[in-house]
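give me a model of this one.
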Amino acid sequence: MSVGVDSIDDDHKILIKLINELDEAIDADDSHELVIYVLNGLADYTQYHFAREEGLMAACRYPGFARHCKEHRDIRKQVMRFRESFNNNIIGGDDRKLLEFVRGWLSGHILGSDMAYAPYLRPSKKKPPKKTPPKKKRPNPGRSKAGRKPARRRGSKGRNLRRD
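Next comes the predicted model:
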(Lines give C-alpha, C1' and ligand atoms only; values in the text may rest on other atoms or scores of the structure.)
Protein backbone atom coordinates (compact mmCIF):
# COMPACT_ATOMS: atom_id res chain seq x y z
CA MET A 1 0.00 0.00 0.00
CA SER A 2 2.83 2.37 -0.82
CA VAL A 3 2.19 5.64 -2.61
CA GLY A 4 5.92 6.17 -3.15
CA VAL A 5 6.24 9.23 -0.91
CA ASP A 6 8.21 8.33 2.22
CA SER A 7 6.50 10.71 4.67
CA ILE A 8 3.02 9.65 3.57
CA ASP A 9 3.95 5.96 3.52
CA ASP A 10 5.29 6.30 7.07
CA ASP A 11 2.01 7.93 8.14
CA HIS A 12 0.06 5.08 6.58
CA LYS A 13 2.16 2.52 8.49
CA ILE A 14 1.38 4.32 11.75
CA LEU A 15 -2.33 4.41 10.91
CA ILE A 16 -2.26 0.66 10.17
CA LYS A 17 -0.51 0.08 13.49
CA LEU A 18 -3.18 2.11 15.30
CA ILE A 19 -5.97 0.16 13.58
CA ASN A 20 -4.33 -3.10 14.65
CA GLU A 21 -4.13 -1.75 18.22
CA LEU A 22 -7.82 -0.89 17.99
CA ASP A 23 -8.55 -4.47 16.96
CA GLU A 24 -6.59 -5.77 19.97
CA ALA A 25 -8.35 -3.29 22.28
CA ILE A 26 -11.76 -4.46 21.07
CA ASP A 27 -10.81 -8.08 21.76
CA ALA A 28 -9.52 -7.31 25.27
CA ASP A 29 -11.67 -7.85 28.37
CA ASP A 30 -13.04 -4.62 29.88
CA SER A 31 -11.96 -2.94 26.66
CA HIS A 32 -14.19 0.14 26.60
CA GLU A 33 -11.63 2.56 28.06
CA LEU A 34 -8.81 1.03 26.03
CA VAL A 35 -10.90 1.34 22.84
CA ILE A 36 -11.56 5.00 23.65
CA TYR A 37 -7.85 5.61 24.25
CA VAL A 38 -6.79 3.97 20.96
CA LEU A 39 -9.65 5.61 19.04
CA ASN A 40 -8.61 9.03 20.35
CA GLY A 41 -5.04 8.36 19.21
CA LEU A 42 -6.27 7.20 15.81
CA ALA A 43 -8.49 10.28 15.42
CA ASP A 44 -5.66 12.63 16.42
CA TYR A 45 -3.15 11.00 14.09
CA THR A 46 -5.68 11.03 11.26
CA GLN A 47 -6.02 14.82 11.70
CA TYR A 48 -2.24 15.21 11.60
CA HIS A 49 -1.90 12.96 8.55
CA PHE A 50 -4.66 14.70 6.60
CA ALA A 51 -3.12 18.11 7.32
CA ARG A 52 0.25 16.88 6.05
CA GLU A 53 -1.29 15.30 2.95
CA GLU A 54 -3.29 18.43 2.15
CA GLY A 55 -0.20 20.62 2.55
CA LEU A 56 1.75 18.47 0.10
CA MET A 57 -1.12 18.37 -2.39
CA ALA A 58 -1.49 22.15 -2.25
CA ALA A 59 2.25 22.64 -2.73
CA CYS A 60 2.30 20.53 -5.90
CA ARG A 61 -1.00 22.02 -7.14
CA TYR A 62 -2.72 18.66 -7.35
CA PRO A 63 -5.76 19.11 -9.64
CA GLY A 64 -7.95 16.83 -7.48
CA PHE A 65 -7.16 18.77 -4.30
CA ALA A 66 -10.71 20.00 -3.52
CA ARG A 67 -12.28 16.57 -4.02
CA HIS A 68 -9.60 14.88 -1.91
CA CYS A 69 -10.07 17.43 0.89
CA LYS A 70 -13.81 16.76 0.84
CA GLU A 71 -13.10 13.04 1.34
CA HIS A 72 -10.91 13.97 4.30
CA ARG A 73 -13.68 16.11 5.81
CA ASP A 74 -16.18 13.25 5.40
CA ILE A 75 -13.81 10.76 7.04
CA ARG A 76 -13.06 13.20 9.88
CA LYS A 77 -16.79 13.60 10.54
CA GLN A 78 -17.34 9.85 10.63
CA VAL A 79 -14.37 9.27 12.95
CA MET A 80 -15.62 12.07 15.21
CA ARG A 81 -19.08 10.45 15.35
CA PHE A 82 -17.55 7.14 16.39
CA ARG A 83 -15.35 8.94 18.92
CA GLU A 84 -18.34 10.73 20.45
CA SER A 85 -20.38 7.54 20.53
CA PHE A 86 -17.63 5.67 22.36
CA ASN A 87 -16.91 8.56 24.71
CA ASN A 88 -20.61 8.73 25.59
CA ASN A 89 -20.94 4.93 25.68
CA ILE A 90 -23.64 5.06 22.97
CA ILE A 91 -22.41 2.33 20.61
CA GLY A 92 -22.68 -0.37 23.23
CA GLY A 93 -20.86 -3.36 21.81
CA ASP A 94 -20.81 -2.39 18.13
CA ASP A 95 -17.03 -2.11 18.20
CA ARG A 96 -16.64 -4.28 15.10
CA LYS A 97 -18.61 -1.76 13.05
CA LEU A 98 -16.02 0.85 13.94
CA LEU A 99 -13.17 -1.48 13.08
CA GLU A 100 -14.70 -2.40 9.71
CA PHE A 101 -15.14 1.29 8.92
CA VAL A 102 -11.56 2.32 9.69
CA ARG A 103 -10.08 -0.68 7.87
CA GLY A 104 -12.25 -0.07 4.83
CA TRP A 105 -11.54 3.63 4.89
CA LEU A 106 -7.78 3.20 5.14
CA SER A 107 -7.38 0.60 2.44
CA GLY A 108 -9.93 2.24 0.12
CA HIS A 109 -8.54 5.71 0.61
CA ILE A 110 -4.90 4.73 0.17
CA LEU A 111 -5.42 2.44 -2.81
CA GLY A 112 -7.86 4.85 -4.46
CA SER A 113 -7.55 8.53 -3.67
CA ASP A 114 -3.99 8.60 -2.37
CA MET A 115 -2.67 6.70 -5.38
CA ALA A 116 -4.26 9.35 -7.61
CA TYR A 117 -2.17 12.20 -6.15
CA ALA A 118 1.02 10.17 -5.70
CA PRO A 119 2.47 10.86 -9.17
CA TYR A 120 2.20 14.60 -8.50
CA LEU A 121 4.26 14.30 -5.31
CA ARG A 122 6.92 11.85 -6.45
CA PRO A 123 10.10 13.32 -7.87
CA SER A 124 10.34 12.87 -11.61
CA LYS A 125 12.44 9.90 -12.64
CA LYS A 126 13.31 11.52 -15.95
CA LYS A 127 16.88 12.65 -16.23
CA PRO A 128 17.32 16.28 -17.20
CA PRO A 129 18.47 16.74 -20.77
CA LYS A 130 22.20 16.97 -21.21
CA LYS A 131 23.40 20.47 -21.87
CA THR A 132 25.53 20.44 -24.98
CA PRO A 133 27.10 23.55 -26.39
CA PRO A 134 25.38 24.83 -29.51
CA LYS A 135 27.01 23.87 -32.77
CA LYS A 136 29.00 26.65 -34.37
CA LYS A 137 28.01 27.52 -37.88
CA ARG A 138 30.81 27.76 -40.35
CA PRO A 139 30.63 30.69 -42.69
CA ASN A 140 30.09 29.84 -46.33
CA PRO A 141 32.54 31.94 -48.32
CA GLY A 142 30.94 33.75 -51.17
CA ARG A 143 27.48 33.74 -49.69
CA SER A 144 25.69 36.26 -47.49
CA LYS A 145 23.79 35.30 -44.35
CA ALA A 146 20.63 34.92 -46.40
CA GLY A 147 22.38 32.49 -48.73
CA ARG A 148 22.60 34.89 -51.69
CA LYS A 149 25.60 36.10 -53.53
CA PRO A 150 26.96 39.29 -52.06
CA ALA A 151 25.76 42.58 -53.45
CA ARG A 152 28.02 44.43 -55.85
CA ARG A 153 30.22 47.04 -54.31
CA ARG A 154 30.97 50.27 -56.08
CA GLY A 155 34.54 51.20 -56.64
CA SER A 156 36.05 54.61 -56.06
CA LYS A 157 35.25 55.75 -59.62
CA GLY A 158 31.67 54.44 -59.65
CA ARG A 159 32.52 51.19 -61.33
CA ASN A 160 30.83 48.06 -60.06
CA LEU A 161 33.20 45.64 -58.43
CA ARG A 162 32.42 42.06 -57.74
CA ARG A 163 33.92 40.07 -54.93
CA ASP A 164 34.56 36.59 -56.17
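
in the protein, which spans are strands?
Assigned by DSSP state E, the strands in the chain fall at 153-154, 160-161.

show me where pLDDT drops low in the chain?
The model of the chain has pLDDT under 70 over residues 1, 29-30, 89-94, 123-164.

would you map the helices across the protein?
6-27, 32-59, 65-87, 95-108, 115-121 (DSSP state H).

name the residues that touch the last one?
If I follow you right, that is helix 115-121. The contact list for helix 115-121 (Cβ atoms under 8 Å, 6 or more residues apart in numbering) reads 3-5, 8, 53, 56-57, 60-62, 64, 68. In this view, the C-beta of every residue, glycine as well, is placed from N, C-alpha and C.

among those residues, which pair sits farthest apart?
Farthest pair in those (Cβ to Cβ) is Gly4 and Arg61. Separation: 18.2 Å.

so those two - more neighbours on which side?
The neighbour count for Gly4 versus Arg61, taken as other Cβ atoms under 10 Å, is higher for Gly4 (12 against 8).

setting aside sequence neighbours, what's the nearest residue to that one?
Once flanking residues are discounted, Gly4 sits nearest to Arg122: 4.9 Å by Cβ to Cβ, 6 or more residues apart in numbering.

same check, this time on Gly64
Ala116 (5.9 Å).

and the one you found, how far is that from Asn88?
36 Å (Cβ to Cβ, to the nearest Å).

before we move on, back to that, dump the helices of the chain to a markdown table, plus mean neighbour count.
Listed next are these as a markdown table, based on neighbours: other Cβ atoms under 10 Å:
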| stretch | mean neighbour count |
| --- | --- |
| helix 6-27 | 16 |
| helix 32-59 | 16 |
| helix 65-87 | 15 |
| helix 95-108 | 16 |
| helix 115-121 | 16 |
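
for Ile19, see how far away the residue nearest to Gly64 is.
Computed as Cβ to Cβ, the Ala116 to Ile19 distance reads 22 Å.

then Val5?
In this view, Val5 and Ile19 are 20 Å apart by Cβ to Cβ.
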